[in-house]
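Asks: Pasting a predicted model and its sequence here:
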Amino acid sequence: MGSRISARIGAISESATLAVDAKAKALKAAGRPVIGFGAGEPDFPTPDYIVEAAVAAARDPKNHRYSPAGGLPELKQAIADKTKRDSGYEIEASQVLVTNGGKHAVYNAFATLLDPGDEVLLPAPYWTTYPETIRLAGGVPVEVFADESQNYSVTVEQLEAARTPKTKALLFCSPSNPTGAVDSPETIAAIGRWALEHDLWVITDEIYEHLTYGDVRATSIPVAVPELADKTVVLNGVAKTYAMTGWRVGWMIGPKDVIKAATNLQSHQTSNVCNIAQRAALAAVSGDLSAVDEMKVAFDRRRRTMVRMLNEIPGVECPEPTGAFYAYPSVKGVFGREINGRTPTTSAELADLILDEVEVAVVPGEAFGAPGYLRLSYALGDDDLSEGLGRIAKLLS
């Protein structure tokens, strides 16, 4: 008798970020004063005008029926308009596939582009879902690591050193989850030209496009290198910009043949995304960006507080993130030190220690292909943020 679970599915790791968040919520539900820095989820409610659009949609019988598998036509057009407005990338509605959240877009992209054995260059630290979806599609993730001395930004030279005849694609994410790093326009253009030279696909995740701070701006790679557009897939969604993580609406943008194939795939996977959520997303992307601008004021304040408090802890080194809502400190300087009778030697052990001793949940770097680091989200309330960091500082100082 073989295994009850297929080898393909049995090889998938649980999402570490969701696991940490679930553990924190379970402890909180049991009455423990746990503070969670795990989930990448804005603590703000979805803006009222978006919720009202969903309420109205729920009352309209046309939304009670199947709709096109690839997305409501008016939403696809609104996404095309929003893309031109926000990043300067001009596309047609036929180049858009509306998906069940950003993760679904990631999966569809790799499933559509990869054949077994194809290699995907994966800059590390990386979001925990990328390597799993690459493997599910039969591909091979090839990690390219950039540490804090490079501000977590890979170079063309590193990518070229990792490229082989089997390399088919590059996964690119700026602003980055988990590090909060934002690549410069010059770096993005150089990477785009390198990918074009070697006829590689680029899958670029732009879910954090609006979450940048100070004078920093996100650059879309097909805008920086227009000739690359025919081999670029852009992934995005409403989750982070509009505090809509639970509504599950994302999208992929790409060449028409790729989007047609991915739409065929989705027609068998899920059919259409929930019509009510699509109508809410239509209100979101059709509106202005005032909601995210308000959130960014709070995120920016929390970002500066978190970086300052982390860097005051002995053995912790935290570069200043300029995008998303994560800090990604190195904690290698803490290893080997006895803390309450335990001596952590890895970031996973340190994360367990912090949760056990002071009831603060953080995600260890092992989840992101970078042992020796922790990811902390600052998308939580100011009081919880200060209290949680204070507990960590007291434990480690």
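Replies: Done, it's in.
Asks: What segments of the stretch 1-150 of the chain are strands?
Replies: Using DSSP state E, counting those that start in this stretch, the strands of the stretch 1-150 of the chain run over residues 35-36, 96-99, 119-124, 140-145.
Asks: what do you get for the stretch 251-397 of the chain?
Replies: In the stretch 251-397 of the chain, the strands defined using DSSP E, counting those that start in this stretch lie at 326-327, 360-361, 363-364, 374-377.
Asks: name the helices or strands packed onto the third one?
Replies: Strand 363-364 makes packing contacts with helix 16-29, helix 347-358, strand 374-377 when contacts are defined by 3 or more Cβ pairs under 8 Å, 6 or more residues apart in numbering; DSSP states H and E. Heads up, the C-betas are built off the backbone N, CA and C, glycines and all.
Asks: now do 6 Å
Replies: Contacts defined by 3 or more Cβ pairs under 6 Å, 6 or more residues apart in numbering; DSSP states H and E place strand 363-364 against helix 16-29, helix 347-358.
Asks: what pairs with that strand, and is each one parallel or antiparallel?
Replies: Note on strand 363-364: by DSSP bridges, its sheet partners are strand 374-377 (antiparallel).
Asks: Quick check: which ranges of this structure have low pLDDT?
Replies: 1 (pLDDT under 70).
Asks: Nearest the middle, which residue of it would you pick?
Replies: Closest to where the C-alpha atoms of the chain average out (Cα atoms, centre = their mean) is Asn177, at 4.8 Å.
Asks: count of residues packed around the residue lying closest to Trp201 once chain neighbours are set aside?
Replies: In space, and not counting its chain neighbours, Trp201 is closest to Ala169: 3.9 Å by Cβ to Cβ, 6 or more residues apart in numbering. By other Cβ atoms under 10 Å, the residues close to Ala169 number 23.
Asks: Could you pull up the residues touching Ala169?
Replies: Neighbouring residues of Ala169 by Cβ atoms under 6 Å, 6 or more residues apart in numbering: Val120, Leu200, Trp201, Ile203.
Asks: For Ile79, see how far away it is.
Replies: Distance of Ala169 to Ile79, computed by Cβ to Cβ, to the nearest Å: 23 Å.
Asks: Report the secondary structure element holding the residue nearest to Trp201.
Replies: Using DSSP states H and E, Ala169 sits within strand 167-173.
Asks: Just the angle for that strand relative to strand 140-145, thanks.
Replies: Using axes from the mean of the first three to the mean of the last three Cα atoms, to 10 degrees, the direction of strand 167-173 lies 50 degrees away from that of strand 140-145.
Asks: Quick one: name whatever helix or strand follows strand 167-173.
Replies: For strand 167-173, the succeeding helix or strand toward the C-terminus, using DSSP H and E, is helix 185-197.
Asks: which residues sit against that next one?
Replies: With Cβ under 6 Å, 6+ apart as the test, helix 185-197 has contacts from Val156, Leu170, Val202, Thr219, Ile221, Ala224, Val225, Glu227, Leu228.
Asks: at 8 Å what do you get?
Replies: The contact list for helix 185-197, computed with Cβ atoms under 8 Å, 6 or more residues apart in numbering, reads 153-156, 159-160, 170, 172, 174, 183, 201-202, 217, 219, 221-222, 224-225, 227-228, 231.
Asks: Would you mark the buried spots in it?
Replies: Applying a neighbour-count criterion of 16 or more other Cβ atoms under 10 Å, one finds Thr187, Ile188, Ala189, Ala190, Ile191, Gly192, Trp194, Ala195, Leu196 buried in helix 185-197.
Asks: Neighbours of the residue nearest to Glu132 when sequence neighbours are not counted, how many?
Replies: Nearest in space to Glu132, with sequence neighbours left out and distances taken as Cβ to Cβ, 6+ apart, is Ile12 at 5.4 Å. Residues lying near Ile12 (other Cβ under 10 Å) number 13.
Asks: roughly how far apart are Ile12 and Ala370?
Replies: Going from Ile12 to Ala370 by Cβ to Cβ gives 20 Å.
Asks: mind listing what the closest residue to Lys82 other than its chain neighbours touches?
Replies: Distances taken as Cβ to Cβ, 6+ apart put Val285 closest to Lys82, at 4.3 Å, once the chain neighbours are dropped. By Cβ under 8 Å, 6+ apart, Val285 lies in contact with Leu75, Ala78, Ile79, Asp81, Lys82, Val238.
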